[in-house]
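Peer 1: Let me see the structure of the following:
(one chain, ligands or ions: 1)
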Amino acid sequence: MSLELIAQNKSFAGWHKQYRHVSRTLGCDMRFAIFLPPQANDGPVPVVYWLSGLTCSDENFMQKAGAHQLAAELGLAIVAPDTSPRGSDGLDNAGNPIADDDSYDLGQGAGFYVDATQPPWNDHYHMYSYVVSELPQLIASHFPVSDKKALMGHSMGGHGAITIGLKNAQHYTSVSAFSPISNPMNCPWGEKAFSHYLGNNRDDWKAYDSCELMSAIEDASGYPPLWVDQGLADNFLTEQLKPEALQRAAEKVNYPLTLQQHDGYDHSYYFIASFIAQQLRFHAQYLR
Ligand SMILES: N[C@@H](CCC(=O)N[C@@H](CS)C(=O)NCC(=O)O)C(=O)O
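Peer 2: Next comes the predicted model:
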């Protein structure tokens, strides 16, 4: 598994680097970004995986969240993958087109962190397996990282972080999200994506719905603690995000959820930048 360095920038005595690699899980070229704190020069550091939202690439978080200074202080690496298969100019390594759609909430930029089962998506849209297996293996084999991992994400990526954390509880010390799509089975973004990627049998959607996964837990001890920040002036709050459904599921099974609701904040990276320090400190206490 070789990596091609695309760009690098020194940042707060650490490094922001962008790479391209051939993904066997997705069957096409992929890009990701990594922030390596200065402590990585002296030995292995823990990794926080950041999963972005709709329309994002590996760049939005690294450029807008303002996370590097504190990550450098805390000695945390941060890895930000792309949000869907994209290939090179939309083509896979055999020169075939990667499925896409004109709308912003389906296809490229909208992988929803699932393994698609339906054509034409099932050829390349395997973001769940990419994030859970291939990407951490790639990071571990090329960078000075320890085996401690945490998950963070925003919106569609918040849904990704929570579902992946719940399905792989033993692999992550802690999970957090900004404005997650908490109950995708019951909101327009999720219903559209899941019906295309997973088909029309709603029972198949439950494996990727945070509320369903949480409600099915019998004993929440041993699951990673979950922290969620939500802006109360978020345009998508009522129709798409539904944090109250997640809170109800957590209460039902005694899940260790901290839900912080913030007056006046919207869905943007201004909100993320305002509370990123709090979430990084939350993870740092478990990753040490
Ligand atoms: N483009 C969509 C919204 C997409 C959106 O808000 N994307 C969020 C994630 S869900 C984002 O992070 N956008 C990129 C950015 O702000 O840098 C719309 O206009 O309704």
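
Peer 1: residue in the stretch 1-150 of the chain nearest to the ligand?
Peer 2: residue 53 (2.5 Å; Cβ to the nearest ligand atom). Where C-beta positions appear, they are placed from N, C-alpha and C, glycine not excepted.

Peer 1: ok, and the closest non-adjacent residue to that residue?
Peer 2: Nearest non-adjacent residue to residue 53, counting by Cβ to Cβ, 6 or more residues apart in numbering: residue 155, 3.3 Å away.

Peer 1: For the one you found, give its distance to the ligand.
Peer 2: 3 Å (Cβ to the nearest ligand atom, to the nearest Å).

Peer 1: in the chain, which spans are helices?
Peer 2: 59-64, 68-74, 127-129, 135-142, 156-167, 188-198, 210-215, 243-253, 269-287 (DSSP state H).

Peer 1: With respect to burial, which of those helices scores highest?
Peer 2: Highest mean neighbour count of those: helix 156-167, a mean of 27 (counted as mean count of other Cβ atoms under 10 Å).

Peer 1: What's the mean pLDDT across it?
Peer 2: Averaging pLDDT along helix 156-167 yields 99.

Peer 1: Just give me how far that helix sits from the chain centre.
Peer 2: The chain centroid and the centroid of helix 156-167 are separated by 7 Å under Cα atoms, centre = their mean, to the nearest Å.

Peer 1: and it, C-alpha only, in CSV?
Peer 2: Extracted in CSV, the C-alpha atoms of helix 156-167 (Å, rounded to 0.1, in the frame of the first residue of the first chain):
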residue,chain,number,x,y,z
MET,A,156,-23.3,13.2,7.8
GLY,A,157,-19.8,12.6,9.3
GLY,A,158,-21.4,12.8,12.8
HIS,A,159,-23.7,10.0,11.8
GLY,A,160,-20.6,8.1,10.5
ALA,A,161,-18.7,8.6,13.7
ILE,A,162,-21.5,7.5,16.0
THR,A,163,-22.6,4.5,13.9
ILE,A,164,-19.0,3.3,13.4
GLY,A,165,-18.2,3.8,17.1
LEU,A,166,-21.3,1.8,18.1
LYS,A,167,-20.6,-1.0,15.7
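
Peer 1: show me what contacts residue 55?
Peer 2: Contacts here follow Cβ atoms under 8 Å, 6 or more residues apart in numbering; on that basis residue 55 touches 83, 104, 109, 110.

Peer 1: I would like a ChimeraX command selecting only the buried ones among those, please.
Peer 2: A single ChimeraX command is used to select the members of these judged buried by 16 or more other Cβ atoms under 10 Å:
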select :83,109,110
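
Peer 1: so which of the contacts of residue 55 also contact the ligand?
Peer 2: residue 104 (Cβ under 6 Å from any ligand atom).

Peer 1: could the contacts of residue 55 go into CSV alongside pLDDT?
Peer 2: CSV is the format used below for the contacts of residue 55 (pLDDT from 0 to 100):
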residue, pLDDT
83, 98
104, 98
109, 98
110, 98
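
Peer 1: got the helices of the chain as JSON lines, with distance to residue 231 columns?
Peer 2: Below are those laid out as JSON lines (distance: least, Cβ to Cβ, whole Å):
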{"stretch": "helix 59-64", "distance to residue 231": "15"}
{"stretch": "helix 68-74", "distance to residue 231": "20"}
{"stretch": "helix 127-129", "distance to residue 231": "25"}
{"stretch": "helix 135-142", "distance to residue 231": "28"}
{"stretch": "helix 156-167", "distance to residue 231": "12"}
{"stretch": "helix 188-198", "distance to residue 231": "17"}
{"stretch": "helix 210-215", "distance to residue 231": "18"}
{"stretch": "helix 243-253", "distance to residue 231": "10"}
{"stretch": "helix 269-287", "distance to residue 231": "5"}
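
Peer 1: Of the contacts of residue 55, which pair is most distant in space?
Peer 2: Distance extremes for these: the farthest pair is 83 and 104 at 11.0 Å, using Cβ to Cβ.

Peer 1: Between these two, which contacts overlap?
Peer 2: 54, 55, 110.

Peer 1: how close does the last one sit to residue 197?
Peer 2: Right, the one you point to is residue 110. Here the criterion is Cβ to Cβ, to the nearest Å. By it, residue 110 lies 9 Å from residue 197.

Peer 1: Is residue 110 bridged to anything, and to what?
Peer 2: Note on residue 110: beta-bridge partners by DSSP bridges are residue 107.

Peer 1: quick one: it and residue 125, what's the gap?
Peer 2: From residue 110 to residue 125 the distance is 9 Å (Cβ to Cβ).
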